[in-house]
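With the sequence up front, the predicted model follows.
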Amino acid sequence: MAREIASREGDGCRQHGLVTNSEPLNIHGVLADVTEHWSPRTIAVINDYDARVVKVEGEFTRHSHPETDEFFLVLSGRLTIRMDEGDVVLDDGDTYVVPRGRFHQPYAASEATLLLFEPSDAVNTGDTPSDLTAPRRLA
Ligand code: NI
């Protein structure tokens, strides 16, 4: 892994600067360049949906998305999604869909990485803007 990342240095712009869908993109390489938590990177656009990777730690803003479901896949670590109905605990490889309009508060006691599928115009904090609201960023 370390060697693979090292070999990618220097071509970061070509590999990460645009989401063209025309070249393979390695999500581990994208995540290795991410230093902020709760700041998703769009790695692919599928019709009007984004595939996004994000590094998370700590407590996120409680919010809902009135217009859309939101898909989560845990790539590493453990994510707890606090819902009004109870906590959903997701480990490496687990998937979950938060239904549209349901309040959810993601929480990670230690660093975790996630893959998300959501509409390209979806904002990470949904209907509850906060300091953690992040602009759409392409990998
Ligand atoms: Ni959400």
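Perfect, I can see it now.

Let's see the pLDDT reported for residue 22.
Residue 22 carries a pLDDT value of 77.

how far away is it from residue 41?
For residue 22, the distance to residue 41 equals 17 Å [Cβ to Cβ, to the nearest Å]. From N, CA and C alone the C-beta is placed, and that goes for glycine too.

just for the protein, where's the confidence low?
Along the chain, the model assigns pLDDT under 70 to residues 1-20.

show me where it has helices.
Ranges of helices in the chain, per DSSP state H, are 2-8, 12-16, 27-32.

quick one on the thing from earlier: okay, residue 22 and residue 41: which has more neighbours?
residue 41 (23 against 7; other Cβ atoms under 10 Å).

Would you check that my belief about the more buried one contacting residue 139 is correct?
Yes. Using Cβ atoms under 8 Å, residue 41 is in contact with residue 139, at 4.1 Å.

Longest strand of the protein, counting residues only.
strand 104-119 (DSSP state E).

For that one, name the packing helices and strands.
strand 49-59, strand 70-76, strand 78-83 (3 or more Cβ pairs under 8 Å, 6 or more residues apart in numbering; DSSP states H and E).

All good on my end, thank you.
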